[in-house]
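Prediction below, plus the sequence it came from.
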Amino acid sequence: MASKEKATRLEQRVYWEEKLNQRLSLLADKGAESEKIAKDTTVKKLRAKMRETDKRLRVIEGKEKKLEEMAKIKAEKLATPKKEKKSKISEEKPADSKRQKKKKKKKESKDKD
C-alpha cells in the first residue's frame with residue numbers, strides 16, 4: 001500500500017481510521033476494559049499504521065512546500081533584470097595571458113641586445 005502520492009496516503013489514513021474504529025467498537029461491545037483495549041495487538045498495529053501514514057503525509061507536504069518555495073525563488077530570479085555583458089573595449093582586444101606576456105617580454109629583451 002506504499003505510495004508517494006498525497007491523495008493515496010489520505011485514502012489510506014481514512015481506511016486505517018475506519019479499521020481502528022471498528023476494532024475499538026468491537027472490543028467495547030465485548031466489554032473489554034480500557035487497559036486491555038490499549039494492550040490489544042490489533043489496536044497497536046492499526047495505530048502504528050496510522051502514525052506511519054501521518055508521518056509520510058508530513059514528508060509529502062514538506063516536499064510540496066519546498067517545491068513552492070523553489071518556484072517562488074525561480075520566479076523572482078527571472079524577474080530581476082540581467083546585468084550587461086562586458087563592454088566592447090574588452091571585446092576588441094583580448095587580454096594577454098601570463099605566457100604571452102612572458103614571451104613578449106623575452107622577445108623585447110632579445111631585440112634590445
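That came through, no problem. These numbers were taken from a predicted model, which means no experiment stands behind them.

what about K102, distance to D96?
If you measure K102 against D96 using CB to CB, to the nearest Å, the figure is 9 Å. All C-beta spots, glycine's among them, are computed from the backbone N, C-alpha and C.

Select the longest helix from this protein.
Across the chain, the longest stretch assigned as helix under DSSP state H is helix 41-79.

what bits of this protein have low per-residue confidence?
Low-confidence segments of the chain, defined by pLDDT under 70: 1-2, 85-94, 113.

Check whether L20 really touches A48, as I assumed.
No - taking contacts as CB atoms under 8 Å, L20 lies outside contact range of A48: 10.4 Å.

These two: which is more packed in?
Set L20 next to A48 and count neighbours by other CB atoms under 10 Å: L20 wins out with 17 against 11.

mind checking the SS state of the more buried one?
At L20 the chain is in helix, as set by DSSP: H, G, I helix; E, B strand; the rest coil.

ok, now how distant is it from K44?
Taking CB to CB as the measure, L20 falls 10 Å from K44.

Also R9?
According to CB to CB, R9 and K44 sit 21 Å apart.

Same drill for these two, tell me which one is more crowded.
R9 (22 against 11).

hmm, who's touching stretch 69-78?
Here stretch 69-78 makes contact (CB atoms under 8 Å, 6 or more residues apart in numbering) with no residue beyond itself.

Same question for stretch 50-58.
The contact list for stretch 50-58 (CB under 8 Å, 6+ apart) reads K6, R9, L10, Q12, R13, W16, E17, L20.

let's go with 6 Å and repeat that
With CB atoms under 6 Å, 6 or more residues apart in numbering as the contact definition, stretch 50-58 has outside contacts at R9, Q12, R13, W16.

and the spatially closest residue to D96 that is not a sequence neighbour, helix, strand or coil?
Nearest non-adjacent residue to D96, counting by CB to CB, 6 or more residues apart in numbering: K104, 7.2 Å away. Look at K104: counting by three-state DSSP, its state is helix.

Burial check on K104, number of neighbours?
For K104, the tally of surrounding residues (other CB under 10 Å) stands at 11.

Tell me how far it lies from Q22.
Note on K104: its distance to Q22, by CB to CB, is 90 Å.

Equivalent analysis for K103, please.
From K103 across to Q22, the span is 88 Å (CB to CB).
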